[in-house]
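Engineer: Sequence below, structure please.
(one chain, ligands or ions: 1)
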Amino acid sequence: MWGMPTLSDVRLCSFYNKTNLNPFPFIIYIMHALSKFLFMCLAAVSVNPLVKSAAPALVEGRIVLTAEDSAKGKIIRAKGGKLIGVTLDRSCESNFDKARNAHIEWVPGRPLPAGWWHGVIESNFTGGYVNRDISIQLTGGLKPSVYVASNYLHVAKGEPQRFEFWIHSAAPSESVRIVPRGDLWRWNRTWPISRITLEQVTPASLPASAAITLELPVSTDGAVALPFSLPTGNWTLGGYMGKAGEAVVQGEEGLPIPLSLELDRWKKKRVYSTPFHIRSPLKDVQIVTKNLFSSVLLKHKATRESKPYPSEGTLMVTVDPAKSESETLVLYGTGEAGPLPAFPQVPLGYKNVVLTSWDDGKPTDLRCAQILVKHGYRPTFLLNGSSPALAFMDKLEAMGAEVGSHAYTHTALGTLSPRRALENAASMRLLLENKLGHPVISFSYPDGYSPAQDEEGDYVFRAVRDAGYWIARTQITREQTVADVEEPLLMRSIGLYGSGNKMLVAAWPRFREKEAGVFYLKGHSWQIGKSDAQWDKFEKFVAQFANNPGSWYPTNGEFALWLWAQKNIKISGKTRGADSMVVQLERPWLHPWLAARCPLSLKMPAGVHSVKWRGQILPVVDGRVDLVWAE
Ligand SMILES: [Zn+2]
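Structural biologist: Okay, here's the model as predicted:
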């Protein structure tokens, strides 16, 4: 925050003053538009920066772009009038393209030549939190840009701020831009920039701590000529694609890493990039698919040693395949060599499954849980290492909700090294298990699931699997059934809010008809709102999918246990009598806390009227028995 800034800049931003035109009669609307038009003309004549200042120029390989010389954006000054910088605001939207092409721009007298640029962005901003969700972009060729937030090295509070980067462009650039990464609402308080300096410097090598973007041509045989072996760490490879394809990257040591470059599902043709991690200097980039790109963008994330994640204690053993457990089940009413008992798709006589999970562990989780539980849901809450919900986990569990992990820090796992990604996922499990005293098996990917490759494949998925989770929620929205949940660590879901509400309402009738369908509603309790009216609206919304007689409402972990039971409990015939059959059930050792929560429903062969299970006679109801195989 910059404390009561004086807005010295009118430019075009006043043109966008919020005005709700709906209630106005037509004539007032016309008058309003006219007055706005007149104001715009006045503003354009008096303070348009393109009129008042000379275009910045490249002098001896160096160009300095100041806040005052920028087109669009809002100039921020401190109380005494000292310039803090220029930030993104609504004046950065172009009239027709709105947010998509929003930018602050500097247009030099002549285009900047292609080649290497070493850049420094400075800010006189000395406050606390500020949004750096912005990129600096050269506008030539593939518009090579460097994303500030993920590369920024934080300076002490009170220090002037700066950001350093390297860009190699393959084509001359008409201008230099600052572009927002996210939506309009993120523009509040974007980092104010006082000055950008670009220098033509050709490096002989670059360190892993550098933020680098290279645009490089691709030769007809698919080879990309690198200027030198590029630093280790996290990279993305991408380009302007009209079709899907394959590429291979390789370090000076180790195995080649195959990369698949997929088309964006919605925007078919566009700049698409795929992340990878290279542990020895990157020496080869080969585009395997013919004519996929004429040039590519390679982006390197500045590598810094992040603080290690807590690792006190050991993760709980959930399953031990070396130890086997067995039980016998006596079936009465059949002695024939008929079929064995079998698993239904959905346990407990239900037709389908409703899952719900809530990320980030905010204080509002408690109220959210109360509403969901009241309506018969069994929600799962997924927490980070600093989540306020850590303080009331016991209350959530006492309500029948489940507590799971959203990684220790809310960092997209693919932006970390493979080692840190695993540590981040495992640390949170460790923290929760230490506090809760029982295994934690549910997870949701921070920032959603987005694969990243290393020599062994997708290390984002591997981190979650190797940290010992059984089920993990993604943001992939395709509908699914119990049978096509091939990988519980990639559960699909539909998010509340945004377009999600409509999707959920549309999916519900289809889901109810579908045999063994899975309806997965995910959300963030902080999105619900602050007012009681907003909470009432939320309650009404979730109530429409609640208490459906044919639906099973398990927690994420219980659903994972059911999937596990179907695959891992082996049923075999043992001995057949005149009017009975003894069946053996076998499974790997399962942690007792999990075993007590693992559903075990079995469809009985025709004619079986009752069973004997652990000394008890149980009737067969609707062709099924529901057992508990635990201490
Ligand atoms: Zn989250």
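Engineer: In the stretch 1-150 of the chain, what residue comes closest to the ion?
Structural biologist: With CB to the ion, the shortest gap between the stretch 1-150 of the chain and the ion falls at residue 133, namely 15.6 Å. Bear in mind the C-beta positions are built from the backbone N, C-alpha and C, glycine included.
Engineer: swap in the stretch 201-350 of the chain?
Structural biologist: Using CB to the ion, the closest approach of the stretch 201-350 of the chain to the ion is made by residue 309 at 17.0 Å.
Engineer: wait, that residue sits on residue 423?
Structural biologist: Yes - using CB atoms under 8 Å, residue 309 is in contact with residue 423, at 4.5 Å.
Engineer: Quickly run through the sheet partners of the lengthiest strand in the chain, with directions.
Structural biologist: The longest strand of the chain (DSSP state E) is strand 319-332. Looking at strand 319-332 with DSSP bridges, its partner strands are strand 580-590 (antiparallel), strand 610-613 (antiparallel).
Engineer: how is this protein carved up into domains?
Structural biologist: Listed by automatic domain parsing, the domain ranges of the chain are 6-199, 212-300, 318-343+569-631, 349-560.
Engineer: most tightly surrounded among those domains?
Structural biologist: domain 349-560 (a mean of 20; mean count of other CB atoms under 10 Å).
Engineer: Contact partners for whichever residue of the chain sits closest to the ion?
Structural biologist: Nearest residue of the chain to the ion, counting by CB to the ion: residue 359, 3.9 Å away. If you count contacts by CB atoms under 8 Å, 6 or more residues apart in numbering, residue 359 has them with 382, 406, 444, 522, 523, 524.
Engineer: Pipe the domains of the chain into TSV and attach mean pLDDT per row.
Structural biologist: TSV is the format used below for the domains of the chain (pLDDT from 0 to 100):
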stretch	mean pLDDT
domain 6-199	76
domain 212-300	91
domain 318-343+569-631	92
domain 349-560	95
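Engineer: still on that earlier bit, between residue 309 and residue 423, what contacts are shared?
Structural biologist: residue 408.
Engineer: distance of the closest residue to residue 406 other than its chain neighbours from residue 146?
Structural biologist: Nearest residue to residue 406, sequence neighbours excluded (CB to CB, 6 or more residues apart in numbering): residue 382, at 4.0 Å. Using CB to CB, to the nearest Å, residue 382 is found at 32 Å from residue 146.
Engineer: next one: stretch 206-214 to chain centre, how far?
Structural biologist: 24 Å (CA atoms, centre = their mean, to the nearest Å).
Engineer: What segments of the stretch 151-300 of the chain are strands?
Structural biologist: 161-169, 176-180, 195-199, 212-217, 223-224, 233-241, 245-251, 257-261, 270-278, 282-287, 295-300 (DSSP state E, counting those that start in this stretch).
Engineer: Quick check: end-to-end length of stretch 460-473?
Structural biologist: Using CA to CA, to the nearest Å, the end-to-end distance of stretch 460-473 comes to 13 Å.
Engineer: List the contacts of the closest residue to residue 592 other than its chain neighbours.
Structural biologist: Distances taken as CB to CB, 6+ apart place residue 631 nearest to residue 592, at 5.2 Å, with adjacent residues excluded. By CB under 8 Å, 6+ apart, the residues touching residue 631 are 592, 595, 596.
Engineer: With just CA atoms, put the host helix or strand of residue 510 into CSV.
Structural biologist: Using DSSP states H and E, residue 510 sits within helix 500-513. The C-alpha trace of helix 500-513 is given here as CSV (Å, rounded to 0.1, in the frame of the first residue of the first chain):
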residue,chain,number,x,y,z
GLY,A,500,-18.8,-23.8,-12.2
ASN,A,501,-22.3,-23.2,-10.8
LYS,A,502,-23.9,-23.6,-14.2
MET,A,503,-21.8,-26.7,-15.0
LEU,A,504,-22.8,-28.3,-11.7
VAL,A,505,-26.5,-27.6,-12.3
ALA,A,506,-26.2,-28.9,-15.8
ALA,A,507,-24.3,-32.1,-14.8
TRP,A,508,-26.6,-33.1,-11.9
PRO,A,509,-29.5,-34.6,-13.9
ARG,A,510,-27.1,-36.5,-16.2
PHE,A,511,-25.2,-37.8,-13.2
ARG,A,512,-28.3,-39.0,-11.5
GLU,A,513,-29.2,-41.2,-14.5
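Engineer: I'd like the numbering to begin with 42 instead of 1 from here.
Structural biologist: Shifting the count to begin at 42 puts that one at helix 541-554.
Engineer: mind listing what the helix or strand following that helix pairs with, with the direction of each?
Structural biologist: Following helix 541-554 in sequence order, the next helix or strand is strand 558-564 (DSSP H and E). Strand 558-564 has the following sheet partners, assigned by DSSP bridges: strand 393-400 (parallel), strand 521-522 (antiparallel), strand 535-536 (parallel).
Engineer: how about those strands in CSV, adding distance to residue 368?
Structural biologist: Output for these, formatted as CSV (distance: least, CB to CB, whole Å):
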stretch, distance to residue 368
strand 393-400, 26
strand 521-522, 29
strand 535-536, 38
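Engineer: could I get the domains of the chain as a markdown table with distance to residue 246?
Structural biologist: Formatted as a markdown table, the domains of the chain follow (distance: least, CB to CB, whole Å):
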| stretch | distance to residue 246 |
| --- | --- |
| domain 47-240 | 11 |
| domain 253-341 | 5 |
| domain 359-384+610-672 | 46 |
| domain 390-601 | 20 |
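Engineer: Now render the strands paired with strand 360-373 as JSON lines, adding distance to residue 295.
Structural biologist: Below are these laid out as JSON lines (distance: least, CB to CB, whole Å):
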{"stretch": "strand 621-631", "distance to residue 295": "34"}
{"stretch": "strand 651-654", "distance to residue 295": "53"}
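Engineer: Could you dump those into TSV and include distance to the ion?
Structural biologist: Listed next are the strands paired with strand 360-373 as TSV, based on distance: least, CB to the ion, whole Å:
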stretch	distance to the ion
strand 621-631	30
strand 651-654	42
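Engineer: contacting residues around residue 663?
Structural biologist: Neighbouring residues of residue 663 by CB under 8 Å, 6+ apart: residue 390.
Engineer: Tell me where the stretch 542-672 of the chain has strands.
Structural biologist: Going by DSSP E, counting those that start in this stretch, the stretch 542-672 of the chain shows strands at 558-564, 592-593, 611-617, 621-631, 641-644, 651-654, 657-660, 665-668.
Engineer: can you map out the helices along the stretch 42-191 of the chain?
Structural biologist: 67-88, 90-93 (DSSP state H, counting those that start in this stretch).
Engineer: Could you pick out the residues of this structure near the ion for me?
Structural biologist: 400, 401 (CB under 5 Å from the ion).
Engineer: again, only this time at 6 Å
Structural biologist: The interface of the chain toward the ion, taken as CB under 6 Å from the ion, is made up of 400, 401, 447, 451, 487.
Engineer: where's the third one relative to residue 434, distance?
Structural biologist: The reference is to residue 447. Applying CB to CB to residue 447 and residue 434 gives a distance of 13 Å.
Engineer: same thing with the fourth one?
Structural biologist: Remark: distance between residue 451 and residue 434 (CB to CB) = 18 Å.
Engineer: Could you do the second one as well?
Structural biologist: Taken as CB to CB, the spacing of residue 401 relative to residue 434 amounts to 14 Å.
Engineer: same question, residue 591
Structural biologist: Counting by CB to CB - residue 591 and residue 434 are separated by 31 Å.
Engineer: Then residue 244?
Structural biologist: 50 Å.
Engineer: ok, and the closest non-adjacent residue to residue 327?
Structural biologist: Setting aside the residues directly before and after it, residue 327 is nearest to residue 289 in space (CB to CB, 6+ apart), at 4.9 Å.
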